[in-house]
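A.B. asks: Sharing a model prediction with you, sequence too.
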Amino acid sequence: MNVNETRLEAVAPRLQGADDPARWRDWRWQLRNSLTSLGDVERALGIEFDEAERVLLEDTVRHFPMSVTPYYLSLIDVDDYRNDPVFRQALPSTEEIIVRDHDMKDPLAEDADSPVALITHRYPDRVLFRVANTCSMYCRHCTRKRTVGDTGCAPTSEELGAALDYIRSTPAVRDVLLSGGDPLMLSDARLDELLTELDAIEHVEVVRLGTRMPAVLPYRITDELCKVLARHQPLWLNTHFNHPAELTPDAEEALARLADAGIPLGNQTVLLAGVNDCSRIMLRLVHRLVANRVRPYYLYQCDLSEGLSHFRTPVGKGIEIIESLIGHTSGFAVPTYVIDAPHGGGKIPVMPNYIVSWASDRVVLRNYEGVICAYREPDDYKRAACTEECDDCDRSVGRSCPETGPGGVAGLMRECDQADSLVPDTNVRYQRRENGSADG
Ligand SMILES: *Cc1c(COP(=O)(O)O)cnc(C)c1O
Ligand code: SF4
């Protein structure tokens, strides 16, 4: 008997219609039979919440919707469900409705950076495009908890059209991230249409899909879907595994299908207290991911959305995990640890420090073992004189040379740029200077 059959047997008798393996593997059946009430979950798992807890949990589910696919539910170890990483990600906790001082409704200011509905344009060359508003499983740690799952605000075809128009008329956008909700909630035909529209936009060089389906509903990754995706290369897919227990044989089969279809795969993990805040769990997770041809991409610090306080770890926990990975395992198995800055500052990478000190001709570094060494820098390096006139440069980058170089901190490093400081407009000292000169 394989693992799938064991799981099926544990949950199937309590879920009507789950005893048929063909039906179990039908993603539409899984969606139709997702569990959305506490009573259904209790019956399926054979557990019982006590009365006081139930009152709080009912209240939580009214605030933030619950929906769990029978497949994902079947991964829960019922004998120790309260400590189970899948249970904690899928089922509400009484702590969710506690709103802390620093919690925010829209911590990443996705609304403020939204030129049209469904689009967040935060970085110069790429946009986030929320093509769906629902998911097959609502993660309790979802950043977009306040909007996701509200079927009343599903994207309309007018909104989708207007968002596509925005991308069409904004030549700077070379990378489009389809997100949601979960974009794989769309039918193959709708997805095909949307990807065809994006393919037709010349300045869009790559499209990315962000989906949790391989982890929570791997049966969504059908051969038909893979055929659709394969038609729209270059297409990258980022999935979302948080714990090695999610990499079941069914999930691995889904990942293999995608990889065989030629889709480059990445993974984004959220660092979650009580789920994966442990170096050994993370090591196991990244090893299992790369063994399945998935490159760990980001490890996210849990953000400041409402209802997530019980999942947050100190930033030090993330740095400790990265310290335990770099050098200790394959470089390509190590994700970049990022904090999504409040108010829309974007993702900020954070790392342990490896530069110990610096002299005019050498940099002193430490490695993962604690060995400290000096790297001698060249005595005769001459910075190439750059005017940013790439067309005239004998090291020409060619036709597609961007018109301006990077701004921000990178801009301070440019030779041809006069700027030598970045000053916030609220800087009091600068304001005083301005007022002083205006007054005479
Ligand atoms: C994360 C994100 C992106 C993509 O960032 P990458 O670092 O390129 O993966 C783009 N737009 C928004 C709003 C994002 O949150
Ligand atoms: S799959 Fe993503 S958008 Fe959907 S509930 Fe989970 S974290 Fe939120």
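C.D. replies: Ah, there it is. Residues are numbered from 1 along each chain as shown. Ligands and ions are numbered 1, 2, ... in the order given.
A.B. asks: Return the nearest residue of the stretch 301-440 of the chain with respect to ligand 2.
C.D. replies: Going by Cβ to the nearest ligand atom, ligand 2 is nearest to S305 of the stretch 301-440 of the chain, at 10.0 Å. Bear in mind the C-beta positions are built from the backbone N, C-alpha and C, glycine included.
A.B. asks: so what's the one residue sitting closest to the centre of the chain up against?
C.D. replies: Among the residues of the chain, the one closest to the centroid is Q268, at 4.6 Å (Cα atoms, centre = their mean). Residues near Q268 by Cβ atoms under 8 Å, 6 or more residues apart in numbering: 210, 238-240, 297-300, 335.
A.B. asks: now the residues you listed as CSV including pLDDT?
C.D. replies: Shown next, in CSV, are the contacts of Q268 (pLDDT from 0 to 100):
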residue, pLDDT
G210, 98
N238, 98
T239, 98
H240, 98
Y297, 98
Y298, 98
L299, 98
Y300, 98
P335, 98
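A.B. asks: What residues does this protein have near ligand 1?
C.D. replies: 120, 122-123, 126, 128, 177, 347 (Cβ under 6 Å from any ligand atom).
A.B. asks: wouldn't the residue of the stretch 301-440 of the chain closest to ligand 2 be in contact with D103 here?
C.D. replies: Yes: at 6.8 Å, S305 counts as touching D103 under the criterion of Cβ atoms under 8 Å.
A.B. asks: Pick out whichever of these two has more residues nearby.
C.D. replies: Counted by other Cβ atoms under 10 Å, S305 and D103 do not tie: S305 has more neighbours, with 20 against 16.
A.B. asks: For the more buried one, grab phi and psi.
C.D. replies: phi -60, psi 150 (degrees, to the nearest 10).
A.B. asks: Quickly list what it is bridged to.
C.D. replies: M104 (DSSP bridges).
A.B. asks: For it, give me its contacts.
C.D. replies: S305 touches 103-105, 107, 142-146, counting by Cβ under 8 Å, 6+ apart.
A.B. asks: Please identify which of these is nearest to ligand 2.
C.D. replies: Distances from ligand 2 to the contacts of S305, taken by Cβ to the nearest ligand atom, are shortest for C142, at 3.0 Å.
A.B. asks: SS state for the closest one?
C.D. replies: coil (DSSP: H, G, I helix; E, B strand; the rest coil).
A.B. asks: out of everything not next to it in sequence, what's closest to it?
C.D. replies: Sequence neighbours aside, V148 is the residue nearest to C142 in space, at 5.8 Å (criterion: Cβ to Cβ, 6 or more residues apart in numbering).
A.B. asks: Please tell me I have it right and that neighbour contacts A132.
C.D. replies: No: between V148 and A132 there is no contact under Cβ under 8 Å: 9.2 Å.
A.B. asks: any common contacting residues for the two?
C.D. replies: 180-181.
A.B. asks: so which strand or helix has L365?
C.D. replies: strand 362-366 (DSSP states H and E).
A.B. asks: Neighbouring strands - and their directions - for that strand?
C.D. replies: Short version: by DSSP bridges, strand 362-366 pairs with strand 355-358 (antiparallel), strand 372-376 (antiparallel).
A.B. asks: is it true that L265 touches P296?
C.D. replies: No: contact criterion Cβ under 8 Å: L265 and P296 do not qualify, at 10.3 Å.
A.B. asks: Could you provide the strands paired with strand 362-366 in TSV, with additional columns for mean pLDDT?
C.D. replies: Below are the strands paired with strand 362-366 laid out as TSV (pLDDT from 0 to 100):
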stretch	mean pLDDT
strand 355-358	97
strand 372-376	98
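A.B. asks: now the ones you listed as a markdown table including mean neighbour count?
C.D. replies: Converted to a markdown table, the strands paired with strand 362-366 look like this (neighbours: other Cβ atoms under 10 Å):
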| stretch | mean neighbour count |
| --- | --- |
| strand 355-358 | 11 |
| strand 372-376 | 11 |
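A.B. asks: I'd like those laid out as TSV, including distance to ligand 2.
C.D. replies: Listed next are the strands paired with strand 362-366 as TSV, based on distance: least, Cβ to the nearest ligand atom, whole Å:
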stretch	distance to ligand 2
strand 355-358	35
strand 372-376	41
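A.B. asks: Of those strands, give the one that comes closest to L164.
C.D. replies: strand 355-358 (45.0 Å; Cβ to Cβ).
A.B. asks: Show me the contact partners of the closest one.
C.D. replies: 363-366, 372.
A.B. asks: number of nearby residues for the residue of the stretch 251-400 of the chain found nearest ligand 1?
C.D. replies: Across the stretch 251-400 of the chain, the shortest distance to ligand 1 (Cβ to the nearest ligand atom) belongs to K347, at 5.3 Å. Here the number of neighbours of K347 (other Cβ under 10 Å) works out to 17.
A.B. asks: contacting residues around it?
C.D. replies: So K347 contacts 298, 338-341 (Cβ under 8 Å, 6+ apart).
A.B. asks: Type out the ChimeraX command that picks the buried ones from these.
C.D. replies: The buried residues among the contacts of K347 can be selected in ChimeraX (16 or more other Cβ atoms under 10 Å) with this line:
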select :298,338,339,340
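A.B. asks: Among the contacts of K347, name the ones in strands.
C.D. replies: Using DSSP state E, 298, 338-341 are the members of the contacts of K347 that sit in strands.
A.B. asks: min pLDDT across those, which one?
C.D. replies: pLDDT across those is lowest for A341, at 90.
A.B. asks: Leaving out the residues flanking it, which one is nearest to that one?
C.D. replies: I348 (5.4 Å).
A.B. asks: same check, this time on T239
C.D. replies: P214 (4.7 Å).
A.B. asks: Name the helix or strand for the one you found, please.
C.D. replies: Going by DSSP H and E, P214 is in helix 213-216.
A.B. asks: tally of neighbours for L128?
C.D. replies: Other residues near L128 come to 21 when the count uses other Cβ under 10 Å.
A.B. asks: what do you get for A90?
C.D. replies: A90 has 23 nearby residues by other Cβ under 10 Å.
A.B. asks: per-residue confidence at it?
C.D. replies: pLDDT at A90 comes out at 97.
A.B. asks: right, and N367 touches C373 too?
C.D. replies: Yes: if you go by Cβ under 8 Å, N367 and C373 touch, sitting 7.3 Å apart.
A.B. asks: Skip the chain neighbours and tell me the closest residue to the residue in the stretch 151-300 of the chain that ligand 2 sits nearest to.
C.D. replies: Ranked by Cβ to the nearest ligand atom, the top residue of the stretch 151-300 of the chain for proximity to ligand 2 is R212, at 3.7 Å. Of all residues not flanking R212 in the chain, H240 sits nearest, at 4.4 Å (Cβ to Cβ, 6+ apart).
A.B. asks: ok, now G262?
C.D. replies: G262 sits nearest to A230 (Cβ to Cβ, 6+ apart), 5.9 Å away.
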